[in-house]
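Student: Provide a 3D model corresponding to the input given below.
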Amino acid sequence: MNSLDLIIKDQDIAVENAKQLIEAFGAPFTDAGEILSTYKEIVVNNINQKELMADAKSKRLTLKKIRTTVENKRKILKEDSLRTGKAIDSVAKYIKDNIQPAEEYLELQEKYAEIEQEKLIAELRRDRAEKLAPYTDTPHIYQLASMTFDDFEKLVKELKDAKDLQEAKDKAYADEQIRIVKEKEIEDLRIREENNKLKIEVDKRAAELKIERDKIEKIKQDQEVERIEKERLEQVNKKAIEDAEYKKQLSEAKLASAPDREKLLLFVSKIEVLEVPTNTEVAKRISKHISESTNMYRKLINEEL
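Tutor: Reported below is the predicted structural model:
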């Protein structure tokens with residue numbers, strides 16, 4: 001089996017096509033095969049080997065002619081194959097364009113009853129789904145087309161009852177939530193009112209405590225004034241006693257001959273021992289002023305005389 005036979009066998013082409021290839025390429029394959037099997041025996045290594053060089057040229061030109069012949073035949077056969085392929089495609093397209101619509105039409109006529117039945121089933125499924133839509137979001141989970149009328153009506157009633165029950169529960173829950181919110185609002189209002197009353201009581205008690213503290217502070221201030229006045233009177237009395245004792249020690253003659261300083265000091269002492277009314281705040285203030293004045297006079301006498 002030559003190389004062409006092997007190629008044809010490997011490609012597994014039809015017998016007629018194989019025959020055509022053998023007729024076209026058989027002789028060139030044979031002629032080329034003889035040269036291809038022996039051409040490497042020509043080995044030129046000397047310029048004087050003219051016969052070998054001529055033999056190499058002859059075989060090269062033979063191979064070139066075989067190659068160009070095969071290429072030309074390939075183009076011709078390829079063009080024929082392309083035209084044949086286009087013709088085959090055209091035939092197939094004609095068959096498809098004309099026969100397929102006929103098949104589809106005949107299939108519609110053949111399956112008319114089946115198609116009509118499917119339409120009825122689809123319409124029944126759609127109508128029943130629309131009836132279930134108010135009661136469920138998933139009507140497709142039910143075998144709507146295969147249900148009997150009684151089973152479907154039973155399903156509608158069950159779903160409607162279930163939805164009514166759920167709506168009743170939802171309404172009861174919503175009403176309960178509204179009631180809870182209203183009760184909380186009432187309770188919050190009661191607490192705010194109580195807090196306001198409590199605040200009023202606290203503010204009132206704080207004001208009363210402030211009044212009491214002010215009274216206590218006033219009493220403390222009055223007591224402090226009384227204490228100061230008492231101490232002042234004690235000092236005045238003490239001074240009066242001291243002056244009385246001093247007066248006893250002076251005789252009438254000595255007093256007459258006493259210096260002006262002694263006379264003035266005695267006069268101031270007499271003023272200090274005088275009893276001054278202190279029943280009012282004004283009297284207390286004046287008494288205090290007189291006391292401070294006598295002290296000032298006593299100091300002036302001591303400094304000047």
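
Student: quick one: low-confidence ranges for the stretch 51-200 of the chain?
Tutor: Applying pLDDT under 70 to the stretch 51-200 of the chain flags residues 80-81, 83-96, 98-99.

Student: brain fart, the stretch 201-305 of the chain
Tutor: Residue ranges of the stretch 201-305 of the chain with pLDDT under 70: 244, 246-258, 272-278.

Student: hey, where'd the strands end up in it?
Tutor: Counting by DSSP state E, counting those that start in this stretch, the stretch 201-305 of the chain forms no strands at all.

Student: quick check on the closest residue to Ala133 other than its chain neighbours: phi, psi?
Tutor: Of all residues not flanking Ala133 in the chain, Pro139 sits nearest, at 6.5 Å (CB to CB, 6 or more residues apart in numbering). All C-beta spots, glycine's among them, are computed from the backbone N, C-alpha and C. Per-residue torsions, Pro139: phi -70, psi -20 (degrees, to the nearest 10).

Student: with Pro134 instead?
Tutor: phi -70, psi -20.

Student: so which residues of the stretch 1-150 of the chain form helices?
Tutor: Ranges of helices in the stretch 1-150 of the chain, per DSSP state H, counting those that start in this stretch, are 3-11, 15-36, 50-110, 112-132, 149-249.

Student: what packs against the longest one?
Tutor: With contacts defined as 3 or more CB pairs under 8 Å, 6 or more residues apart in numbering; DSSP states H and E, the packing partners of helix 149-249 are helix 112-132, helix 260-273, helix 281-304.

Student: do that again at 6 Å, thanks
Tutor: Under the contact definition 3 or more CB pairs under 6 Å, 6 or more residues apart in numbering; DSSP states H and E, helix 149-249 sits against helix 260-273.

Student: list the buried ones in the helix it packs on?
Tutor: 262, 264-265, 268-269, 272 (16 or more other CB atoms under 10 Å).

Student: which residues does that helix contact?
Tutor: 236, 239-240, 243, 294, 297-298, 301, 305 (CB atoms under 6 Å, 6 or more residues apart in numbering).

Student: quick revisit: of the buried residues of helix 260-273, which is the nearest to Glu130?
Tutor: Glu272 (121.8 Å; CB to CB).

Student: picking that back up, what subset of the contacts of helix 260-273 is buried?
Tutor: Buried among the contacts of helix 260-273 (16+ other CB under 10 Å): 236, 239-240, 243, 294, 298, 301.

Student: hmm, back to that, deepest-packed of the helices of the stretch 1-150 of the chain, please.
Tutor: helix 15-36 (a mean of 15; mean count of other CB atoms under 10 Å).

Student: any idea how far Leu108 is from Leu155?
Tutor: As judged by CB to CB, to the nearest Å, Leu155 and Leu108 stand 34 Å apart.

Student: correction: Ser293
Tutor: Ser293 sits 141 Å away from Leu108, taking CB to CB as the criterion.

Student: residues touching Glu41, list them.
Tutor: If you count contacts by CB under 6 Å, 6+ apart, then Glu41 has nothing around it.

Student: leaving out chain neighbours, which residue sits closest to Arg232?
Tutor: Arg232's closest residue in space is Ser291 (CB to CB, 6+ apart), at 6.2 Å.

Student: the one you found: neighbour count?
Tutor: 18 (other CB atoms under 10 Å).

Student: what's the separation between it and Ser269?
Tutor: 13 Å.

Student: what of Glu167?
Tutor: Taking CB to CB, one finds Glu167 at 110 Å from Ser269.

Student: can you pull the contacts of Glu79?
Tutor: Glu79 touches nothing, counting by CB under 6 Å, 6+ apart.

Student: distance check, it against His140.
Tutor: Taking CB to CB, one finds Glu79 at 60 Å from His140.

Student: how close does Asp137 sit to Asp170?
Tutor: For Asp137 relative to Asp170 (CB to CB), the value is 16 Å.

Student: an error on my part: the question was meant for Lys199.
Tutor: For Lys199 relative to Asp170 (CB to CB), the value is 43 Å.

Student: could you do Ala102 as well?
Tutor: Separation of Ala102 from Asp170 (CB to CB): 60 Å.

Student: what does Met53 give?
Tutor: 109 Å.

Student: likewise Ala283?
Tutor: Applying CB to CB, the value for Ala283 to Asp170 is 89 Å.

Student: got it, and Asp161?
Tutor: The value you get for Asp161 to Asp170, if CB to CB is used, is 15 Å.

Student: same thing with Ile228?
Tutor: 84 Å.

Student: just Ile186 next, same as before
Tutor: 25 Å.

Student: for Ile211, same thing?
Tutor: For Ile211 relative to Asp170 (CB to CB), the value is 61 Å.

Student: now swap in Arg261 and tell me
Tutor: Taking CB to CB, one finds Arg261 at 113 Å from Asp170.
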